[in-house]
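Enquirer: 3D, please:
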Amino acid sequence: MNILLPDFSRPVTLIGFSLGARVVYKCLQALAVSGDNEGLVERVVLLGAPLSVKGEQWDTARKIVAGRFINVYSTNDWILGVAFRASLFSQGLAGIQPIDIPGVENIDATDYIDGHSSYLWTSRRILEQLELDAYFPVFSHHPVNPDGQAIQTHGDD
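Expert: The predicted model follows:
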């Protein structure tokens, strides 16, 4: 499998809801086993993730993320709990409870989420409240040329 690596001068934020959150997580796992990709992704936000709290390799996925790794969950997400009860519920689900992994932030969105589909109209509000650009500026926000030198833009000191 060939993986094209992004330009490191452009930070990558991965955001996924429901099965999309599972896809983001699995991509982090694939990056972890495909080579030296630690810190490749700047931020990750998982919304209502159908992922096992205990059965996954969270530490491995966390190493790929240089900045914030956020698990947004809601205890009101009964659809997620029922849909995955047979396979994952016995181990706990990231989408309905916090996970105890160093470096992973747990955001309880229960006050905003009435059910699984509530993420569709509240995700923008949740993301705005996370202030993703305000924390952990891992990568430089200044453009660089192919030699890695910072390009002066109008207004830079």
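Enquirer: endpoints of stretch 105-117, how far apart?
Expert: 22 Å (C-alpha to C-alpha, to the nearest Å).
Enquirer: one more: stretch 50-63?
Expert: End to end - C-alpha to C-alpha - stretch 50-63 spans 20 Å.
Enquirer: when you give positions from now on, start the count at 853
Expert: Got it, the first residue is 853 from now on, which makes the last one we talked about stretch 902-915.
Enquirer: mind checking how far it is from the chain centre?
Expert: In terms of C-alpha atoms, centre = their mean, to the nearest Å, the centre of stretch 902-915 is found 12 Å from the chain centre.
Enquirer: name the residues that touch it?
Expert: 870-871, 873-874, 877, 880-881, 884, 890-891, 921, 932, 935-936, 940, 943-947, 949, 951-956 (C-beta atoms under 8 Å, 6 or more residues apart in numbering). C-beta: built from backbone N, CA, C; applies to glycine.
Enquirer: just the buried residues from these, in ChimeraX please.
Expert: Here is the ChimeraX selection string for the buried members of the contacts of stretch 902-915, based on 16 or more other C-beta atoms under 10 Å:
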select :870,873,874,877,880,881,884,921,932,935,936,940,944,945,946,947,949,951,953,956
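Enquirer: who touches the longest helix along the chain?
Expert: Using DSSP state H, we find that the single longest helix of the chain is helix 871-885. Here helix 871-885 makes contact (C-beta under 8 Å, 6+ apart) with 853, 855, 866-868, 889, 892-893, 896, 898-903, 908-909, 912-913, 915-917, 946-947.
Enquirer: narrow those residues to those in strands?
Expert: Counting by DSSP state E, the part of these found in strands is 866-868, 896, 898-899.
Enquirer: give me the buried subset of the contacts of helix 871-885.
Expert: 866-868, 889, 892-893, 896, 898-903, 908, 913, 915-917, 946-947.
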